[in-house]
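Chemist: Below is the sequence, then the predicted model.
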Amino acid sequence: MNSLIKLELARALRNRKFLFFSVIYPSALFLLISSTSGSPTTKVTGSDLTVATYMMVSMASFGALTAVLMGNSERIAKERENGWVRQLRLTTLPGRGYVLAKTASAAVVSLPSIVVVFVVAAALKDVRLDAWQWLALTGAVWAGSLVFAALGVAIGYLASGDAVRPITMITYFGLSILGGLWWPSAVFPGWLQDIAKWLPTHAYAALGQAIEQSRAPHAGDIAVLVAFFVLFAGGAAWLYRKDTLKA
């Protein structure tokens, strides 16, 4: 399995388009939004955070979401279609090893997207946090991305090679926008705010925002993330077994 993880990492790091959208794109969006949303001391509606500190966590979360969701779903669907997954089943690699290799490689690639946003925020937007907050933020955003890594695996086994991209893109942008990663959910209409509170992306960003404010994450946000992880991981496992039986 270690060899497969190394192969997956090498493939991801050679994909310049993937690296752009998962590493450079979130940082560029952060600079664009934070630079066009008022003065450095402007507070986000419904929050005690400035625009820069708020959007830093949102765009780091967005970058990690890009790495684990877009990376996993399309690769798995295409590898199923071209027979690569079927060939791996003929080796000694256990089925769970393939899924774990995909998840592990996506998690490793997501780390640079988080760190680059933090470095850009600190260097260009003068975001200042305590050392423990930087470490806790990195750990929370990185660990939370596993929820969406599981979703990526599930979509990869659910969709065909032709259908996977539109399904992933709709899911990707829907979760990002409605979850408040691009704009604070506090500016949404009341009914849309009620929906946003139940989305995993909203709870995901809320973890980092709590750390920025030196307070413990809300229990409800943790519960939402755990529930969605169980749902996505369970769905991925069921779809994997179903795909194995068909083969």
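Modeler: Ah, there it is. Residues are numbered from 1 along each chain as shown.
Chemist: Going by C-alpha atoms from here, please, whenever you check contacts or count neighbours.
Modeler: Fine.
Chemist: Which residues lie in contact with Thr45 in this structure?
Modeler: Pro184, Ala186, Val187 (C-alpha atoms under 8 Å, 6 or more residues apart in numbering).
Chemist: I'd like to know which of those residues are buried.
Modeler: Taking 16 or more other C-alpha atoms under 10 Å as the criterion, what is buried in the contacts of Thr45 is Pro184.
Chemist: which one of the contacts of Thr45 sits closest to Thr201?
Modeler: Nearest to Thr201 among the contacts of Thr45: Pro184, at 11.9 Å, using C-alpha to C-alpha.
Chemist: pretty sure the closest one contacts Leu49?
Modeler: No. With contact defined as C-alpha atoms under 8 Å, Pro184 does not count as touching Leu49 (11.1 Å).
Chemist: Trp182 contacts Val57, correct?
Modeler: No. Assessed by C-alpha under 8 Å, Trp182 is found out of contact with Val57, at 10.6 Å.
Chemist: higher neighbour count, those two?
Modeler: Val57 (28 against 17; other C-alpha atoms under 10 Å).
Chemist: quick one: which helix or strand includes the more buried one?
Modeler: Assigned by DSSP states H and E, Val57 falls within helix 51-65.
Chemist: How far does that helix sit from its chain's centre?
Modeler: Remark: helix 51-65 is offset 11 Å from the chain centroid, using C-alpha atoms, centre = their mean, to the nearest Å.
Chemist: Next, the buried residues of the helix or strand that comes right after that helix.
Modeler: Using DSSP H and E, the helix or strand that follows helix 51-65 in sequence is helix 71-81. By 16+ other C-alpha under 10 Å, the buried positions in helix 71-81 come out as Gly71, Asn72, Ser73, Glu74, Arg75, Ile76, Ala77, Lys78, Glu79, Arg80.
Chemist: mind putting those residues in JSON lines, pLDDT and distance to Ala219 included?
Modeler: Formatted as JSON lines, those follow (pLDDT from 0 to 100; distance: C-alpha to C-alpha, whole Å):
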{"residue": "Gly71", "pLDDT": "70", "distance to Ala219": "30"}
{"residue": "Asn72", "pLDDT": "75", "distance to Ala219": "29"}
{"residue": "Ser73", "pLDDT": "82", "distance to Ala219": "30"}
{"residue": "Glu74", "pLDDT": "78", "distance to Ala219": "33"}
{"residue": "Arg75", "pLDDT": "77", "distance to Ala219": "34"}
{"residue": "Ile76", "pLDDT": "79", "distance to Ala219": "33"}
{"residue": "Ala77", "pLDDT": "79", "distance to Ala219": "35"}
{"residue": "Lys78", "pLDDT": "76", "distance to Ala219": "38"}
{"residue": "Glu79", "pLDDT": "73", "distance to Ala219": "38"}
{"residue": "Arg80", "pLDDT": "73", "distance to Ala219": "38"}
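Chemist: so what does the helix holding Val57 touch, helix or strand wise?
Modeler: Packing partners of helix 51-65 (3 or more C-alpha pairs under 8 Å, 6 or more residues apart in numbering; DSSP states H and E): helix 25-35, helix 95-124, helix 131-158, helix 200-212.
Chemist: hey, which of the ones you listed is tucked in deepest?
Modeler: helix 200-212 (a mean of 24; mean count of other C-alpha atoms under 10 Å).
Chemist: what angle sits between that helix and helix 51-65?
Modeler: On the basis of axes from the mean of the first three to the mean of the last three C-alpha atoms, to 10 degrees, helix 200-212 is oriented at 130 degrees to helix 51-65.
Chemist: For helix 200-212, name the packing helices and strands.
Modeler: Applying 3+ C-alpha pairs under 8 Å, 6+ apart, one finds that helix 200-212 makes contact with helix 51-65, helix 131-158, helix 164-178, helix 219-246.
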